[in-house]
Each structure stands twice: as structure tokens, then as C-alpha cells.
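Student: My questions concern the predicted model and sequence given below.
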Amino acid sequence: MHGTSESLSGGGGAAPLGARKRNQTTTADGPPSESLAKKAVHAVEATYLSFQRPLLSLVQQSLHPHFELPAHVVHFAIRQEFIALAGPSVVWLYSYSAGAEISILLVTTETINGVLKWAFRQPRPGWLRGTNMLKMRSPTWEADYSTPSSHAQLAATVATWVVLFTNFSVIPSILAILFAVLVGVARVYSCVHWPSDVVFGWACGVLWTAFVLPILRSSMTPSHEAGFATVLVAVLSALLYLVRTAAKEEEAHVRAEWKAAALAGYDVDKHSKAEVLKAVQKWGRGPRLFYTYAGPLSATYGSLIGRAILHFYFEIRRHDDDVSASASDAASFADFVTRQHSVPVRLLVGIAGLVPCLAFAHGLPVLLRAQPKGLLDGACVFAGFAAVGIWVLAGCQIVFDRGMTW
């Protein structure tokens with residue numbers, strides 16, 4: 001970063017006019033809630049800068065500059081789009097049971113991550129004064145909270161599932177763990193997360209997978225599975241709402257402090273001021289709105305309902321001789337009917353079913369001129385992504401089965 005070191009770290013020389021005004025604003029007496037917020041911000045800064053800044057700096061200095069390329073790949077690859085594509089790909093190309101598990105684990109762990117981010121509300125490294133000597137290597141400026149790292153949590157979820165799914169097979173387990181480590185280190189190297197964010201994200205991914213996987217593998221009737229889906233989504237929605245609405249007044253003052261620090265200390269070689277300003281403006285209404293999680297929540301509900309529908313359909317079909325001879329449960333039935341078709345056909349049918357679901361989620365609100373991120377828009381997103389889950393884990397397999405009998 002350039003031109004901000006002296007004014008932010010207390011070095012010699014006169015501070016620029018903008019910095020002096022900002023410092024005057026920071027120390028001026030304000031409403032009690034604002035004063036408490038400023039004290040909280042300064043306490044957080046002292047904690048991160050005294051302990052975690054040296055660790056972050058050590059990671060950046062220890063790795064070769066060429067590591068920036070894989071760090072960028074990690075940044076763009078492990079996002080909600082990754083979540084949306086991973087499950088269907090595994091279902092259609094490998095195994096129904098594996099795809100169903102990884103689909104549900106990824107969408108639920110992403111929602112849990114949102115709950116935790118809003119609950120802790122911790123700043124990114126670039127949001128604090130005193131981090132201007134660190135190199136911001138992220139290709140985009142992050143505008144949501146820091147703790148825990150969603151990239152690290154998703155990677156740990158995948159790694160834990162691979163270890164358990166392969167029954168602790170050495171090579172897959174080692175590769176999965178290395179993948180999770182790579183993702184975590186890349187987030188610290190890019191200076192978008194503190195080391196503690198990554199460790200916390202790894203722990204959350206491991207614990208959530210260890211908690212949910214036995215439930216998914218238990219013998220539930222279709223009605224019990226539908227009930228579990230409803231309860232789980234209701235609980236996650238309630239948690240998101242509660243943590244999002246907590247401490248709004250204090251949060252507004254805290255975000256103002258972080259916005260000032262971010263605009264004063266952004267890396268002019270990596271990000272433009274316009275990009276940073278656009279990102280921090282999102283703090284005015286809070287990072288990661290509740291709307292952001294309508295997709296993962298509805299996909300969770302749709303995926304679990306889809307499994308219940310397939311189980312019910314299998315119970316109807318299991319009395320047929322051709323099915324009972326080749327499938328002992330709904331998952332093996334799904335694999336049987338899927339493998340009767342070539343890979344291109346599987347992908348063509350699967351994608352053809354996804355298109356109208358996504359069009360409903362994103363296209364219908366535009367046609368209806370719904371307010372962006374409003375109630376109608378959110379309802380369309382919820383219904384569309386629920387349909388995605390149902391299609392991937394039930395509709396597609398039923399189409400494959402009916403295609404064999406036609």
C-alpha cells in the first residue's frame with residue numbers, strides 16, 4: 001500500500017488533511033452507543049494487530065509470489081456457484097448417495113457460516129488501521145464479515161466428507177486434507193482472512209459434517225425426512241434472522257469506523273478507490289443480507305424433500321421385477337436408472353431440468369418487475385432453488401426411470 005503508512009501507524013511528519021479529519025472524528029465525543037462502538041473497534045484492532053498481523057505477514061513473506069495464481073483460483077472457484085455445481089455433478093457422474101450427501105452438506109454449511117459471520121461480526125484485515133504494510137492480494141475487495149472463513153469451512157466440509165465416505169482411505173484422505181489446507185493458506189496469503197478465521201472455518205466444517213452426516217445416513221421414512229427438512233430450514237432461517245437483527249445501532253457505528261480505515265488504507269496497486277467504495281457501501285445495510293442465503297436455504301429444503309420424494313417413488317416401483325432385482329434401496333435404484341443412460345444424456349437431461357428452475361428464480365422477478373431483493377424476489381429465489389434440489393435428487397432420476405420404460 002502506498003501513501004498511508006505514516007498517517008496510520010503514527011510515524012513522523014504531518015498527517016494528510018483527510019487522515020486528520022478522520023482521526024478527529026474517531027476521537028470526538030458522540031452518543032454513548034457510538035463511543036462504546038469506537039472502544040470496541042479499538043479493542044478489536046489491538047487484538048488482531050498485536051497477535052495475528054505478524055502471523056499473516058509471515059505467511060505472505062514465506063510463500064513465493066507465484067502462489068498468487070492458485071490463491072486467485074481458490075477465490076473464484078469456491079463460491080456459491082461451486083456449491084450449486086458440485087452436488088449435481090457428483091449425482092449424475094458418480095453416485096446418487098455421494099451427490100446427495102455432498103449437496104446437503106455444502107448448502108447447510110454455507111448457511112451456518114452466514115449465521116456465524118453475523119454473530120461474531122469481525123473485520124477483514126483490510127478494514128483495520130495498521131494493516132497497511134500488508135499486501136492485499138485478493139482480486140476483489142471483500143465486503144462481508146471475516147469470521148469464520150467460508151472458503152475454509154467449505155473446503156473442510158468436503159475434506160471431512162471425503163475422509164468419511166472413503167472410510168479413511170489413505171490417498172483420498174491425504175489429498176482432501178491437502179486441499180483444505182491449500183484453501184485456508186490461500187485465504188490468509190490473499191490478506192482477506194486472519195489465521196484464526198481459517199482455523200475456525202476448518203473446525204466448523206469438520207464438526208458440522210460429523211454432526212449432519214450420521215443423520216443423513218440414518219433410516220428415515222419419507223415423511224420423517226420431509227419433517228426433518230422443514231425443521232432444519234426453519235431453525236436456520238430463525239438463526240439468520242436473529243443474528244442479523246441483533247445490535248443494529250452499535251453495528252452501524254462500527255461499520256463507519258471500518259469504512260474510514262478501509263478507504264484510508266486500501267492498496268492502490270491492487271484495487272481502485274471506486275471498487276473499495278462500492279464494496280464498503282454495502283456495509284450501510286449490513287454485509288451479506290438475509291436475501292443472500294435464500295438460495296442455500298431453499299436448496300437445503302429442496303434437496304431433503306427430493307430425497308423423500310425419491311424414497312416414496314422407489315417404494316412404489318420396488319414391487320416391479322426389473323427394479324427389485326437391481327436395487328435394494330432408493331440410492332441404489334437412483335444409480336441403476338441413471339447408469340442406463342450415457343454421460344452426455346445424463347448431463348443434457350440434468351441441465352435441461354435446471355434451466356427452468358433457475359429461470360423461475362432469477363427471470364420471473366424481472367418479468368414481474370419485483371423490487372430487487374424484496375419479498376417477491378426472495379420468494380421466487382426460494383421456490384426456484386427448492387425446485388433445483390428436488391430436480392437433482394428426485395426429478396432427474398424419475399425421468400431416467402420413465403425413459404427406460406417408455
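Tutor: Thanks, I have it. Numbers count the residues shown, from 1 in each chain.
Student: quick one, strands of this protein?
Tutor: Applying DSSP state E to the chain gives no strands.
Student: any idea how it splits into domains?
Tutor: In the domain annotation for the chain, the residue ranges read 28-80+95-219+247-282, 295-405 (automatic domain parsing).
Student: Tally up the residues packed near residue 245, please.
Tutor: Neighbour count of residue 245, defined by other C-beta atoms under 10 Å: 11. Glycine gets a C-beta too; all of them are placed from N, C-alpha and C.
Student: Residue 177 now?
Tutor: Counted with other C-beta under 10 Å, residue 177 comes out at 17.
Student: Now do the contacts for it.
Tutor: 159, 163 (C-beta atoms under 8 Å, 6 or more residues apart in numbering).
Student: now do 10 Å
Tutor: Going by C-beta atoms under 10 Å, 6 or more residues apart in numbering, residue 177 touches 155-156, 159-160, 162-163, 202.
Student: Name the residues of stretch 372-384 that are buried.
Tutor: Residues of stretch 372-384 classed as buried by neighbour count (16 or more other C-beta atoms under 10 Å): 377-384.
Student: what does stretch 223-238 give?
Tutor: 225-226, 228-229, 232-233, 236-237.
Student: how close does residue 197 get to residue 120?
Tutor: 9 Å (C-beta to C-beta, to the nearest Å).
Student: so residue 397 touches residue 334, yeah?
Tutor: Yes: in this structure residue 397 lies within contact range of residue 334 using C-beta atoms under 10 Å: 4.4 Å.
Student: Quickly list what's touching both of those two.
Tutor: By C-beta under 10 Å, 6+ apart, residue 397 and residue 334 have these common neighbours: 91, 96, 310, 313-314.
Student: Including neighbour count, could those residues go into a markdown table?
Tutor: Shown next, in a markdown table, are the shared contacts of residue 397 and residue 334 (neighbours: other C-beta atoms under 10 Å):
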| residue | neighbour count |
| --- | --- |
| 91 | 25 |
| 96 | 26 |
| 310 | 26 |
| 313 | 19 |
| 314 | 22 |
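Student: quick one: which of these is nearest residue 347?
Tutor: Taking C-beta to C-beta as the measure, residue 347 sits nearest to residue 91 out of these, at 11.0 Å.
Student: Now do the contacts for the closest residue to residue 338 other than its chain neighbours.
Tutor: Nearest non-adjacent residue to residue 338, counting by C-beta to C-beta, 6 or more residues apart in numbering: residue 400, 5.4 Å away. For residue 400, the contact set (C-beta under 10 Å, 6+ apart) comprises 92, 334, 336-341, 345-346, 349-350.
Student: Kindly recompute the last result at 8 Å.
Tutor: If you count contacts by C-beta under 8 Å, 6+ apart, residue 400 has them with 337-338, 340-341, 346, 349.
Student: quick one: the helices in the stretch 251-400 of the chain?
Tutor: With DSSP state H, counting those that start in this stretch as the criterion, the stretch 251-400 of the chain has helices at 273-281, 294-317, 321-324, 330-339, 343-362, 364-367, 375-390, 396-405.
Student: measure the residue nearest to residue 223 when sequence neighbours are not counted to residue 395 for me?
Tutor: Once flanking residues are discounted, residue 223 sits nearest to residue 308: 7.5 Å by C-beta to C-beta, 6+ apart. According to C-beta to C-beta, residue 308 stands 13 Å off from residue 395.
Student: Give me the below-cutoff pLDDT ranges for the stretch 201-350 of the chain.
Tutor: Scanning the stretch 201-350 of the chain for pLDDT under 70 picks out 247-291, 321-326.
Student: Could you pull up the residues touching the residue nearest to residue 304 when sequence neighbours are not counted?
Tutor: Nearest residue to residue 304, sequence neighbours excluded (C-beta to C-beta, 6+ apart): residue 229, at 3.4 Å. Counting by C-beta under 8 Å, 6+ apart, residue 229 makes contact with 300-301, 304-305, 308.
Student: What about those, which one has the most neighbours?
Tutor: Going by other C-beta under 10 Å, residue 304 tops the contacts of residue 229 with 29 neighbours.
Student: Tell me which residue is most central in this protein.
Tutor: By C-alpha atoms, centre = their mean, the chain has its centre lying nearest to residue 110, at 4.0 Å.
Student: any chance of the contacts of residue 229 in a markdown table, with distance to residue 208 too?
Tutor: Below are those laid out as a markdown table (distance: C-beta to C-beta, whole Å):
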| residue | distance to residue 208 |
| --- | --- |
| 300 | 12 |
| 301 | 17 |
| 304 | 15 |
| 305 | 21 |
| 308 | 22 |
